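*Asks:* how would this look folded up:
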Amino acid sequence: MNPYTMPIVLFSLLLGTTLTFTSSHWLLAWMGLEINTLAILPLMIKTHHPRATEATTKYFLTQATASALILFSTTMNAWSTGEWELKELSTLPANMMTIALMMKLGVAPMHFWLLEVLQGVDLTTGLIISTWQKLAPMSLMFMIHNLLNPHLLIILGFTSILLGGWLGLNQTQLRKIMASSSIAHLGWMMIILPISPTLFILNIIIYLIMTSAMFLSMKFFNVTKFNSLTTSWSKTPALAVSSTIVLLSLGGLPPTTGFMPKWLILQELTKQHLSTTATIIAISALLSLFFYLRLSYSLALTQSPNTISSLTTWRLKSNQTTFLLTMMTTLSLMLLPLTPYLVSM
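*Replies:* Numbers count the residues shown, from 1 in each chain. As a prediction, this is how the structure comes out:
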């Protein structure tokens with residue numbers, strides 16, 4: 001890849017997301033989403049592998065369909081109301097916009113592309129797709145949350161939590177497991193969005209921290225398969241332990257950071273007299289917890305077969321930068337005591 005290509009691609013990613021963040025006009029928001037989509041494609045295709053080509057094609061077609069639906073819904077809205085402002089959205093265009101943004105994010109049942117796309121790209125690009133690429137659509141959802149149909153959001157949230165848990169149960173590829181995790185977490189965000197947008201933002205931040213920590217750990221270990229995790233302990237025992245706790249944090253177990261958003265969401269649903277909804281999604285979260293525990297067991301409690309009688313395995317020292325990994329892992333483990341402060345902000 002040309003040395004000038006990477007800075008241009010990264011700048012375009014930053015520009016597209018920032019443009020969507022700061023826009024109050026539907027055409028500008030759509031333009032930011034398009035820049036975001038086109039900027040990630042060179043990163044996905046750079047390996048020139050058939051699987052990468054397939055993933056890039058699927059991603060492009062899905063995002064282009066979602067963008068066309070966004071443009072169609074905003075044009076229909078402008079035709080009926082005469083307005084292009086974000087805050088002006090009638091009922092039918094609002095429902096179409098919800099479906100389009102769900103397709104952008106990979107929320108079930110529009111999740112059909114996410115697992116195969118993540119499986120076909122490298123870990124760094126997978127990290128960007130799972131974190132940065134979700135910010136622009138989520139910002140649009142946050143800005144128009146009071147115009148969206150809450151019943152539709154809750155139904156899509158239920159579907160995502162259930163399907164995200166089911167899809168990850170029998171997977172052996174770590175990237176597909178992380179894709180299933182993303183679908184399940186997005187379900188929690190969709191359910192709480194019409195009730196408490198503040199909790200929606202908090203959930204996004206914690207999801208980004210935990211997902212980044214897990215992807216960076218996988219990149220440091222250089223593993224993409226379930227069985228390969230068993231070699232992690234002999235490489236870096238300390239990181240293997242912390243990655244295990246990050247997985248438990250993704251599952252939402254106390255006293256890790258991941259418990260905070262689930263606890264607050266269940267509490268808010270109970271306050272709104274939606275105890276049945278809270279009970280069902282709490283039980284559904286056990287599906288996701290099962291495959292997180294499988295990963296934790298493989299990472300910390302098993303070792304790969306070793307015929308050598310030595311205690312430690314000789315390894316080449318890694319030259320990867322660990323500052324971001326250390327920061328994200330620390331935040332994934334230790335933010336729970338700050339819950340009162342974060343809630344009061």
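
*Asks:* List the buried residues in stretch 10-22.
*Replies:* 12-13, 16-17, 19-20 (16 or more other Cβ atoms under 10 Å). For the C-beta atoms, the positions are set from N, CA and C on the backbone; glycine is no exception.

*Asks:* what is the rounded mean pLDDT of it?
*Replies:* Mean per-residue pLDDT for stretch 10-22: 93.

*Asks:* Please apply the same query to stretch 119-134.
*Replies:* Rounded mean pLDDT across stretch 119-134 is 93.

*Asks:* can you list the residues that contact that stretch?
*Replies:* For stretch 119-134, the external contacting residues (Cβ atoms under 8 Å, 6 or more residues apart in numbering) are 13, 17, 36, 40, 43-44, 47, 49, 51-52, 54-56, 58-59, 105, 117-118, 173, 175-176, 178-179, 182, 186, 204, 208, 211-212, 215-216, 218-219, 224.

*Asks:* Could I get the full set of helices for the stretch 201-345 of the chain?
*Replies:* 232-235, 237-251, 259-271, 275-300, 323-334, 339-344 (DSSP state H, counting those that start in this stretch).

*Asks:* Over to the stretch 51-200 of the chain?
*Replies:* Along the stretch 51-200 of the chain, counting by DSSP H, counting those that start in this stretch, helices occupy 91-105, 114-119, 123-130, 135-143, 150-168, 174-192, 197-221.

*Asks:* hey, which of those helices is tucked in deepest?
*Replies:* helix 174-192 (a mean of 26; mean count of other Cβ atoms under 10 Å).

*Asks:* doesn't S242 make contact with T256?
*Replies:* No: if you go by Cβ atoms under 8 Å, T256 and S242 don't touch, sitting 10.9 Å apart.

*Asks:* Residues in contact with both of these two, list them for me.
*Replies:* Joint contacts of T256 and S242 (Cβ under 8 Å, 6+ apart) are L333.

*Asks:* Domain-wise, how is this protein divided?
*Replies:* 1-148, 151-304+321-345 (automatic domain parsing).

*Asks:* Where does pLDDT dip in the stretch 201-345 of the chain?
*Replies:* Along the stretch 201-345 of the chain, segments meeting pLDDT under 70 span 303-319.

*Asks:* P50 and G120: what is the separation?
*Replies:* 9 Å (Cβ to Cβ, to the nearest Å).

*Asks:* scratch that, A285 is what I was asking about
*Replies:* A285 is 28 Å from G120, where distance means Cβ to Cβ.

*Asks:* now do S139
*Replies:* 27 Å.

*Asks:* How about L335?
*Replies:* 33 Å.

*Asks:* Neighbour count: those two, which is higher?
*Replies:* Taking other Cβ atoms under 10 Å, L335 and G120 do not tie; G120 has more neighbours (24 against 21).

*Asks:* tally of neighbours for the residue nearest to the more buried one when sequence neighbours are not counted?
*Replies:* Nearest residue to G120, sequence neighbours excluded (Cβ to Cβ, 6 or more residues apart in numbering): A55, at 2.7 Å. Neighbours of A55 under the rule other Cβ under 10 Å: 24.

*Asks:* correct me, but A55 touches L115?
*Replies:* No: A55 sits out of contact with L115 when judged by Cβ under 8 Å, with a separation of 10.2 Å.

*Asks:* re earlier: just send the helices of the stretch 51-200 of the chain back as TSV, with distance to L27 too.
*Replies:* Formatted as TSV, the helices of the stretch 51-200 of the chain follow (distance: least, Cβ to Cβ, whole Å):
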stretch	distance to L27
helix 91-105	14
helix 114-119	27
helix 123-130	25
helix 135-143	13
helix 150-168	25
helix 174-192	26
helix 197-221	24
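
*Asks:* Of these, which is nearest L266?
*Replies:* Closest approach to L266 among the helices of the stretch 51-200 of the chain (Cβ to Cβ): helix 174-192, 9.6 Å.

*Asks:* Run the chain-centre distance for that closest one.
*Replies:* Helix 174-192 sits 6 Å away from the centroid of its parent chain (Cα atoms, centre = their mean, to the nearest Å).

*Asks:* Taking helix 150-168 as reference, get the angle to it.
*Replies:* 160 degrees (axes from the mean of the first three to the mean of the last three Cα atoms, to 10 degrees).

*Asks:* which other helices and strands contact helix 174-192?
*Replies:* Applying 3 or more Cβ pairs under 8 Å, 6 or more residues apart in numbering; DSSP states H and E, we find helix 174-192 packed against helix 114-119, helix 123-130, helix 150-168, helix 197-221, helix 259-271, helix 275-300.
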